[in-house]
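Novice: based on what follows, work out the 3D shape:
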Amino acid sequence: MTLAAARRTALAAQGFAAARPSGTPTRRTVMKVLDSTRLLQLDSVSAVVRAHYAPVFSRIGAYDRTLLDEAAWGHSARRPRQLIEYWAHEAALIPVGDWSLMRWRMEQYRHGRWNGMRQTLERNPALADDVLGVLKEFGPSTAGEVEKHLELDRPRAKEQWGWNYSDTKVVCEALFAAGELTVPKRVGFQRHYDLAANVIPAEVLSHEPDEADAVRELVRRAARAHGVGTETDLRDYYRLKRTQTEPAIADLLDSGELQQVTVEGWDKPAYLHAEARTPRRVTGAALLCPFDPLIFFRDRTERLFDFHYRIEIYTPEHKRVHGYYVFPFLLDGQLVGRVDLRAERAGGRLLVPGAFTEPGHQPKRVAGALAGALREMADWLELDTVEVGEKGDLAPALRREIA
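Specialist: Next up, the predicted model:
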């Protein structure tokens with residue numbers, strides 16, 4: 001395959017070659033995005049909008065975010081829950097039916113997902129049972145509410161690292177990682193925990209595929225979401241290991257679901273999904289948040305688009321190259337620029353502190369399309385104005401277009 005064909009294949013697999021809905025997006029429209037991406041990464045940064053909302057907007061345009069909220073954190077007999085949280089590609093929303101494909105990972109996390117979590121469980125051998133007991137009695141609760149029920153509400157130790165979680169919060173997270181708890185709702189993005197048996201449908205809860213079968217299914221989903229990708233691409237999508245993906249890929253090659261191909265400029269074999277589509281061209285514009293599934297594996301982003309991208313949130317401000325929270329800009333199948341964005345909700349402003357053109361692209365053309373994409377985003381976020389700062393070679397042209 002030529003690199004251009006591989007790029008179009010990847011964009012089509014991620015839903016960027018489809019026409020945007022002509023009418024008002026519905027829950028079905030939103031869920032169709034998940035047919036392509038299979039997951040939406042969750043992240044706490046809200047500089048513009050929470051990370052799981054942005055990929056849907058990038059693919060279908062403005063939509064009511066409560067549609068996604070209800071699909072993930074709402075449930076009724078008429079409108080059952082369709083998405084559930086778990087550690088897929090980091091913390092993510094996945095289709096409810098895919099929860100059972102993570103059983104092997106839940107078993108690995110039975111004694112804690114990281115070392116500090118394991119130490120907390122060892123230090124508090126009865127706390128897990130106490131947490132489960134509270135949730136059985138009182139139903140969905142935050143870690144703080146669980147603490148109050150257990151009369152454990154006390155100051156955090158100042159020397160604790162990271163998020164400075166209490167032991168109760170750590171144990172709730174450990175039980176979530178082990179599959180004993182899940183998250184039926186969020187309020188203000190705060191997790192409310194409940195017993196998985198109260199939330200996960202019985203047929204999903206009872207399904208326990210062995211690791212090899214589950215991993216094969218995950219690689220199958222990753223391959224469909226990529227269109228074409230290397231073993232490392234397929235491995236990264238669900239954070240698998242090479243020892244898991246290589247046998248799964250071999251099985252899918254044998255069954256004809258994957259075909260091994262060579263992609264121009266790639267130094268590793270690639271695997272083309274049997275149902276992948278390679279459109280003649282991909283048109284349209286989209287702003288991509290840093291955690292969009294199209295670009296969250298930075299090595300693949302560089303191979304596909306010749307676009308070197310690193311998130312600079314944790315880089316000291318004076319050392320940042322492009323900015324705090326930078327959105328790459330996709331235009332007609334190529335990443336042609338990037339913008340640092342901030343939503344100032346109190347003032348009703350979408351701020352663009354920096355705007356940059358990629359080498360080989362004309363600032364005037366990029367600025368014209370980007371101005372429209374920024375106005376669309378501002379309208380979606382209910383912000384009145386778009387204000388462009390001074391940083392970056394694209395800023396002057398973009399200011400003129402916005403004006």
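Novice: can you show me the helices along the stretch 151-300 of the chain?
Specialist: In the stretch 151-300 of the chain, the helices defined using DSSP state H, counting those that start in this stretch lie at 167-177, 196-199, 202-205, 211-226, 231-237, 242-254, 298-305.
Novice: so what secondary structure elements neighbour the first one?
Specialist: I take that to be helix 167-177. helix 115-123, helix 127-138, helix 143-150, strand 181-187, strand 190-195 (3 or more CB pairs under 8 Å, 6 or more residues apart in numbering; DSSP states H and E). For every residue, glycine as well, the C-beta is placed using N, CA and C.
Novice: who touches that helix?
Specialist: 85, 87, 106, 109, 112-113, 116-117, 120-121, 123-124, 127-128, 131-132, 143, 146-147, 150, 152, 165, 181-183, 191, 193 (CB atoms under 8 Å, 6 or more residues apart in numbering).
Novice: just the helices in the stretch 301-403 of the chain please.
Specialist: 363-380, 395-402.
Novice: Throw those helices into JSON lines and include mean neighbour count and mean pLDDT, thanks.
Specialist: Shown next, in JSON lines, are the helices of the stretch 301-403 of the chain (neighbours: other CB atoms under 10 Å; pLDDT from 0 to 100):
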{"stretch": "helix 363-380", "mean neighbour count": "19", "mean pLDDT": "98"}
{"stretch": "helix 395-402", "mean neighbour count": "19", "mean pLDDT": "97"}
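Novice: so which of the ones you listed comes closest to residue 43?
Specialist: If you check each of the helices of the stretch 301-403 of the chain against residue 43 by CB to CB, helix 363-380 wins as the nearest, at 17.6 Å.
Novice: related to what we said a few turns ago, show the buried residues in the contacts of helix 167-177.
Specialist: 85, 87, 106, 109, 112-113, 117, 120-121, 124, 127-128, 131-132, 143, 146-147, 152, 165, 181-183, 191, 193 (16 or more other CB atoms under 10 Å).
Novice: remind me, longest strand of this structure?
Specialist: strand 334-344 (DSSP state E).
Novice: which strands or helices does it pack on?
Specialist: helix 298-305, strand 326-331, strand 349-357, helix 363-380.
Novice: what residues sit buried inside that strand?
Specialist: 334, 335, 336, 337, 338, 339, 340, 341, 342, 343.
Novice: distance of residue 104 relative to residue 218?
Specialist: Here residue 104 is placed at a distance of 10 Å from residue 218 (CB to CB, to the nearest Å).
Novice: and if you look at residue 62?
Specialist: Applying CB to CB to residue 62 and residue 218 gives a distance of 32 Å.
Novice: surely residue 76 is within a helix?
Specialist: No: in this structure, residue 76 is coil, not part of a helix, as judged by DSSP: H, G, I helix; E, B strand; the rest coil.
Novice: burial count for it?
Specialist: 8 (other CB atoms under 10 Å).
Novice: residue 319 now?
Specialist: What residue 319 shows, counting by other CB under 10 Å, is a neighbour count of 7.
Novice: give me the pLDDT for it.
Specialist: Note on residue 319: pLDDT of 95.
Novice: ok, the residue lying closest to residue 275 once chain neighbours are set aside - contacts?
Specialist: Distances taken as CB to CB, 6 or more residues apart in numbering put residue 224 closest to residue 275, at 6.9 Å, once the chain neighbours are dropped. Residues near residue 224 by CB under 8 Å, 6+ apart: 13, 38, 273, 275, 276.
Novice: which strands and helices sit next to whichever strand or helix holds residue 106?
Specialist: Per DSSP states H and E, residue 106 falls inside helix 103-108. Contact analysis of helix 103-108 by 3+ CB pairs under 8 Å, 6+ apart lists helix 211-226 as its packing neighbours.
Novice: follow-up on the earlier one: I'd like the helices and strands packed on strand 334-344 as CSV, with distance to residue 239 appended.
Specialist: Conversion of the helices and strands packed on strand 334-344 to CSV gives the following (distance: least, CB to CB, whole Å):
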stretch, distance to residue 239
helix 298-305, 14
strand 326-331, 22
strand 349-357, 30
helix 363-380, 29
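Novice: so where's the protein uncertain?
Specialist: Low-confidence segments of the chain, defined by pLDDT under 70: 153-164.
Novice: try 90 this time
Specialist: By pLDDT under 90, the weakly predicted segments of the chain are 114, 151-165, 314.
Novice: and the residue sitting furthest away from the middle of it, how close does it get to residue 134?
Specialist: The centre of the chain is farthest from one residue, residue 151, which by CA atoms, centre = their mean lies 35.8 Å away. Distance, residue 151 to residue 134, using CB to CB: 11 Å.
Novice: again with residue 259
Specialist: 52 Å.
Novice: these two - which one has more neighbours?
Specialist: residue 134 (19 against 14).
Novice: give the contact list for the more buried one.
Specialist: Per CB under 8 Å, 6+ apart, neighbours of residue 134: 141, 146, 149, 150.
Novice: now the second one, nearest residue through space, not along the chain?
Specialist: When the adjacent residues along the chain are set aside, residue 146 lies closest to residue 134, with 5.0 Å between them (CB to CB, 6+ apart).
Novice: same check, this time on residue 65
Specialist: residue 53 (5.3 Å).
Novice: SS state for residue 84?
Specialist: Once three-state DSSP is applied, residue 84 turns out strand.
Novice: could you check how far stretch 354-370 is from the centre of its chain?
Specialist: 26 Å (CA atoms, centre = their mean, to the nearest Å).
Novice: who's in contact with it?
Specialist: Contacts of stretch 354-370 (CB under 8 Å, 6+ apart): 285, 307, 322-323, 326, 329, 331, 334-340, 388-389, 391-398, 400-401.
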